[in-house]
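> what's the 3D shape of this:
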Amino acid sequence: MILIHGAGGSFLSWHPNIRRLEGETVYTLDLPGHGESQGAGRGSVREYASDVLQFMEENRIRKPVLAGHSMGSAIALTIALDAPEKLSGLALLGAGAKLRVSPLILEKARNPATFADAAALINDYSFSPEVSKDLLRLSNQNMLKTDPQTLLGDFLACDSFDVMDRVDSIRLPALILCGALDVMTPPKYSILLAEKIKNSRFHLIENAGHMIALEQPQAVAGLLKDFLDGLPPLD
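Predicted coordinates for the structure are as follows:
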């Protein structure tokens, strides 16, 4: 399984329980310009998808499950549409066939003087009201390490992403997870995905917002493990 983080994120967007899922080989990416990866962030979801495909080729990873969160789910969907033969399945967290971004987030992210405000706003929108202050603080600190232009580029890439007219052609097995309190990509978007992707199952995660992999890691890890165990073996 390859874990793909969302806009402005890094491998730290995935709880250790998921990164070290028992009995599974898990790769946790930092996309270009994020976390510990060098280079500049990309300008589109398709460019990031090319990076993931290159990573798979360079590391000889054959038919993985792509698990994507938010922008990462858009990357996973793009690869599933363009190169389904390279995958065994999809796990889509906080996902949508299109990912419109709040104009307020884009406005604040465009101005370097309000970058910190943008990061704070994104984190406030991304967690449930019950999140611990420590987790919220750490998430905000990690996002502030992202280059402002990379963060803006990520959210512009999300805002222009739209595969509504293609997603129903996906035939790969898919697990679709959404936090019941997600305000960034509300559950209706995941439900629509589940309706359009015929070979999919949908689970609503209680007491979680957009960052379900951090707020409810045990529940997410268990569902991912069950999904992986249910896939047919590779030829």
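
> any idea how far residue 209 is from the closest residue to residue 173 other than its chain neighbours?
Spatial nearest neighbour of residue 173, chain neighbours left out: residue 89 (4.2 Å); criterion: C-beta to C-beta, 6 or more residues apart in numbering. Every residue, glycine included, has its C-beta placed from N, CA and C. From residue 89 across to residue 209, the span is 25 Å (C-beta to C-beta, to the nearest Å).

> residue contacts, the residue nearest to residue 173?
Residue 89 makes contact with 65-66, 172-175, 227, 231, according to C-beta atoms under 8 Å, 6 or more residues apart in numbering.

> Narrow the residues you listed to those in helices?
residue 227 (DSSP state H).

> Closest one of the contacts of residue 89 to residue 215?
residue 175 (17.5 Å; C-beta to C-beta).

> that older thread, and the residue nearest to residue 173, how close does it get to residue 106?
Residue 89 is 32 Å from residue 106, by C-beta to C-beta.

> Strands of the chain, start to end?
Per DSSP state E, the chain carries strands over the ranges 2-4, 27-28, 65-69, 89-93, 174-179, 200-205.

> quick check: angle from the fourth one to strand 65-69?
With axes from the mean of the first three to the mean of the last three C-alpha atoms, to 10 degrees applied, the angle from strand 89-93 to strand 65-69 works out at 10 degrees.

> Okay, now the sheet partners of strand 89-93, with direction.
strand 65-69 (parallel), strand 174-179 (parallel) (DSSP bridges).

> Okay, angle between it and strand 200-205 too, please.
Going by the same axes, to 10 degrees, strand 89-93 makes 30 degrees with strand 200-205.

> buried residues in strand 89-93?
89-93 (16 or more other C-beta atoms under 10 Å).

> So which residue is smack in the middle of the protein?
Ranked by distance to the mean C-alpha position of the chain (C-alpha atoms, centre = their mean), the top residue is residue 69 at 1.4 Å.

> Give the bridge partners for that residue, please.
residue 93.

> Check whether it really touches residue 213, as I assumed.
Yes: counting by C-beta atoms under 8 Å, residue 213 is a contact partner of residue 69 at 6.1 Å.

> what residues are shared contacts of those two?
13-14, 93.

> Could you give the separation of stretch 43-54 from the chain centroid?
13 Å (C-alpha atoms, centre = their mean, to the nearest Å).

> Of the contacts of residue 89, select the buried ones using a ChimeraX command.
Buried members of these, defined by 16+ other C-beta under 10 Å, are picked up in ChimeraX with:
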select :65,66,172,173,174,175,227
